[in-house]
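Chemist: Fold the stuff below for me.
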Amino acid sequence: MGKFFFAQTVKGKVTSGGVSLPGVSVVVQGTKNGTATDFDGSFTLNNVEPKAILVFSYIGYKNISIPADTKSEMQVVMVDELEKLNEVVVIGYGTSKRKRYKRCCFFYQSF
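Modeler: Model (predicted):
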């Protein structure tokens with residue numbers, strides 16, 4: 001016979017220092033089954049095997065691996081990893097008006 005398992009739905013909330021964390025990645029280890037927390041740090045993940053390991057990851061925080069077991073509700077607290085924050089590079093882009101001016105004997109272009 002084939003492999004049979006009880007697929008469960010796991011729900012929970014991810015916080016850090018009492019503050020909800022939106023956008024935390026929640027993935028079943030070794031699979032493509034995953035989701036991200038919503039604006040209030042809540043998540044719902046379907047089709048999770050009881051022996052699965054859930055991996056929680058977020059920029060600036062340590063990854064956490066937690067066994068799903070038979071938990072249907074989880075409270076996950078992320079721990080920040082300040083020494084890794086210098087690895088994040090932020091690039092900003094700006095805009096400006098492009099102007100062209102023509103004079104007698106030369107062409108001038110300004111951005």
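
Chemist: Identify the bridge partners of Met74.
Modeler: Under the criterion DSSP bridges, Met74 forms beta bridges with Gly12.

Chemist: Give me the neighbour count for it.
Modeler: 18 (other CB atoms under 10 Å). The way it works is simple: take the backbone N, C-alpha and C, and place the C-beta from them, glycine included.

Chemist: And Phe43, by the same measure?
Modeler: Counted with other CB under 10 Å, Phe43 comes out at 21.

Chemist: swap in the one 3 residues further on?
Modeler: By the criterion of other CB under 10 Å, Asn46 has 11 neighbours.

Chemist: And Gly17, by the same measure?
Modeler: 9.

Chemist: per-residue pLDDT, it?
Modeler: Per-residue pLDDT puts Gly17 at 90.

Chemist: From Phe39, how far off is it?
Modeler: 17 Å (CB to CB, to the nearest Å).

Chemist: What is the end-to-end distance of stretch 39-56?
Modeler: 16 Å (CA to CA, to the nearest Å).

Chemist: Identify the residues contacting it?
Modeler: 5-15, 20-22, 24-31, 33-37, 63-70, 74, 76, 78 (CB atoms under 8 Å, 6 or more residues apart in numbering).

Chemist: Which of those are buried, as a PyMOL select command?
Modeler: Here is the PyMOL selection string for the buried members of the contacts of stretch 39-56, based on 16 or more other CB atoms under 10 Å:
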select buried, resi 8+10+12+13+14+15+21+24+25+26+27+28+33+37+64+66+68+74+76+78
